[in-house]
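A.B. asks: Model the structure of this input:
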Amino acid sequence: MTPEITLFIIAFILLVIIFSSFVSVKQGTIVVITIFGKYRRILTPGLNFKLPFIESIYSKISIQNRSVELEFQAVTFDQANVYFKAMLLYSVLDQQEETIKNVAFKFVDDRNLMQALIRTVEGSIRAFVATKRQSEVLILRRDIVEHVKEQLDVVLEGWGYHLQDLQLNDITFDDVIMKSMSQVVASNNLKAAAENEGQALLITKTKAAEAEGNAIKISAEAERQASQLRGQGVALFREEVAKGMSVAAKEMQDANMDTSVILFTMWTESIKHFAENSQGNVIFLDGSTDAMQKTMKELMALNQVHAGTVKK
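C.D. replies: Sure, this is the predicted structure:
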């Protein structure tokens, strides 16, 4: 073998050793290094150096969030089947060496980790639901999540993981139970609607009665005031008539005239007023001399009574 070939082989081996000594680790990933199968150290993201042919890469662990969907069944205290659909979000607890060692060596592979994680979540939810009744499950969604997280965090920390979130996306029951629940909701809605309608009708009737009562009160008050005003008007009219007659009678006496003329004039004016404002009504009057004398005597008698009252 020529010296040139020997140098080329040596140079090639050196290049292979040099290039195999550098390891590039992606962001969000931790590399576990072992020596002859025994844990040695971890490599963080970036360019790292390792001993060629001695140190080997055991596993690459992602420290990013990971999710898994779950579908399982549970039975309530009153023997009702409940079907859950959930989403589990978890990640590596931290980047400390002990945590990474737990993640790398607790389970043989990710499949076994997923199996243990899913069964743990299902068991925790089933144990919680088994103590509740079917009617309570739907309103205990938050309580179920908090119960699972409280129990699961301790277990996951021993595996090197942390539960970020648990979402119960869907909670359903058997078709028969779902139908009966719908009927219960419908009947409750009908009951509430009937009660609301009854209350609305009662309020309407009450307001109408109050309005009618107030209208009657207002009308009665207005009628009372109108009657009072009419009575006052009649009284004032009579008072003014009496005053006028007294003044006229006094003037007639001062002029040495018979006061019965005033009564006769008022009588004729009244007959004239009846005739002008009768609006088609028929008035029968006795126009004989005896009737006129009789009327004059009555008017004079009234005048004498009025004069005697004024003197008193």
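A.B. asks: quick one: low-confidence ranges for the stretch 51-200 of the chain?
C.D. replies: Counting by pLDDT under 70, the ranges of the stretch 51-200 of the chain that qualify are 177-178, 180-182.
A.B. asks: where do the helices sit along it?
C.D. replies: With DSSP state H, counting those that start in this stretch as the criterion, the stretch 51-200 of the chain has helices at 97-105, 110-129, 134-137, 141-159, 175-254.
A.B. asks: can I get those in a markdown table with mean neighbour count and distance to Y58?
C.D. replies: In short, each C-beta sits where N, CA and C put it, glycine included. Output for these, formatted as a markdown table (neighbours: other Cβ atoms under 10 Å; distance: least, Cβ to Cβ, whole Å):
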| stretch | mean neighbour count | distance to Y58 |
| --- | --- | --- |
| helix 97-105 | 17 | 7 |
| helix 110-129 | 16 | 14 |
| helix 134-137 | 17 | 44 |
| helix 141-159 | 15 | 17 |
| helix 175-254 | 11 | 50 |
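A.B. asks: okay if I get the ones you listed as TSV plus distance to I18?
C.D. replies: Output for these, formatted as TSV (distance: least, Cβ to Cβ, whole Å):
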stretch	distance to I18
helix 97-105	27
helix 110-129	33
helix 134-137	63
helix 141-159	38
helix 175-254	68
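A.B. asks: distance of the closest residue to F77 other than its chain neighbours from A80?
C.D. replies: Distances taken as Cβ to Cβ, 6 or more residues apart in numbering place R133 nearest to F77, at 5.3 Å, with adjacent residues excluded. Separation of R133 from A80 (Cβ to Cβ, to the nearest Å): 8 Å.
A.B. asks: quick revisit: report the contact partners of the residue nearest to F77.
C.D. replies: Counting by Cβ atoms under 8 Å, 6 or more residues apart in numbering, R133 touches 76-78, 80.
A.B. asks: And for T34?
C.D. replies: By Cβ under 8 Å, 6+ apart, the contact set of T34 is 40, 55-56, 58.
A.B. asks: Leaving out the residues flanking it, which one is nearest to it?
C.D. replies: Closest to T34 by Cβ to Cβ, 6+ apart is Y58, at 4.4 Å.
A.B. asks: doesn't I33 make contact with the one you found?
C.D. replies: Yes. Judged on Cβ atoms under 8 Å, Y58 makes contact with I33 at a distance of 6.7 Å.
A.B. asks: Would you mind grabbing the residues shared as contacts by those two?
C.D. replies: Taking Cβ under 8 Å, 6+ apart as the contact rule, Y58 and I33 both touch Y39.
A.B. asks: The helix or strand where I30 lies: what's the following helix or strand?
C.D. replies: In this structure, I30 sits in strand 29-35 according to DSSP states H and E. Next along the chain after strand 29-35, taking DSSP H and E as the criterion, comes strand 38-43.
A.B. asks: for that next one, the distance to its chain's centre please.
C.D. replies: With Cα atoms, centre = their mean, to the nearest Å as the basis, the distance from the averaged C-alpha position of strand 38-43 to the chain average is 60 Å.
A.B. asks: neighbouring contacts of that strand?
C.D. replies: By Cβ under 8 Å, 6+ apart, strand 38-43 touches 23, 25, 30-34, 50, 55, 58, 97, 100-101, 104-105.
A.B. asks: If we use 7 Å, what do you get?
C.D. replies: When contacts are defined by Cβ atoms under 7 Å, 6 or more residues apart in numbering, strand 38-43 is touched by residues 23, 25, 30-34, 55, 97, 100-101.
A.B. asks: The residues you listed: which two are farthest apart?
C.D. replies: V23 and K101 (18.6 Å; Cβ to Cβ).
A.B. asks: can you tell me how far the residue nearest to F77 sits from A226?
C.D. replies: Distance from R133 to A226, by Cβ to Cβ: 72 Å.
A.B. asks: Also I5?
C.D. replies: Counting by Cβ to Cβ, the separation of I5 from A226 is 138 Å.
A.B. asks: For A116, which non-adjacent residue is spatially closest?
C.D. replies: F107 (7.1 Å).
A.B. asks: and the one you found, how many neighbours does it have?
C.D. replies: 17 (other Cβ atoms under 10 Å).
A.B. asks: okay but it is in contact with L113, surely?
C.D. replies: Yes. With contact defined as Cβ atoms under 7 Å, F107 counts as touching L113 (4.4 Å).
A.B. asks: what's near enough to touch the residue nearest to T34?
C.D. replies: For Y58, the contacting residues are 32-34, 104, by Cβ under 7 Å, 6+ apart.
A.B. asks: Need those in JSON lines (columns: distance to A192).
C.D. replies: Shown next, in JSON lines, are the contacts of Y58 (distance: Cβ to Cβ, whole Å):
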{"residue": "V32", "distance to A192": "62"}
{"residue": "I33", "distance to A192": "68"}
{"residue": "T34", "distance to A192": "68"}
{"residue": "A104", "distance to A192": "59"}
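A.B. asks: Now the two most distant members of those.
C.D. replies: Greatest spatial distance among the contacts of Y58 (Cβ to Cβ): I33 and A104, at 10.3 Å.
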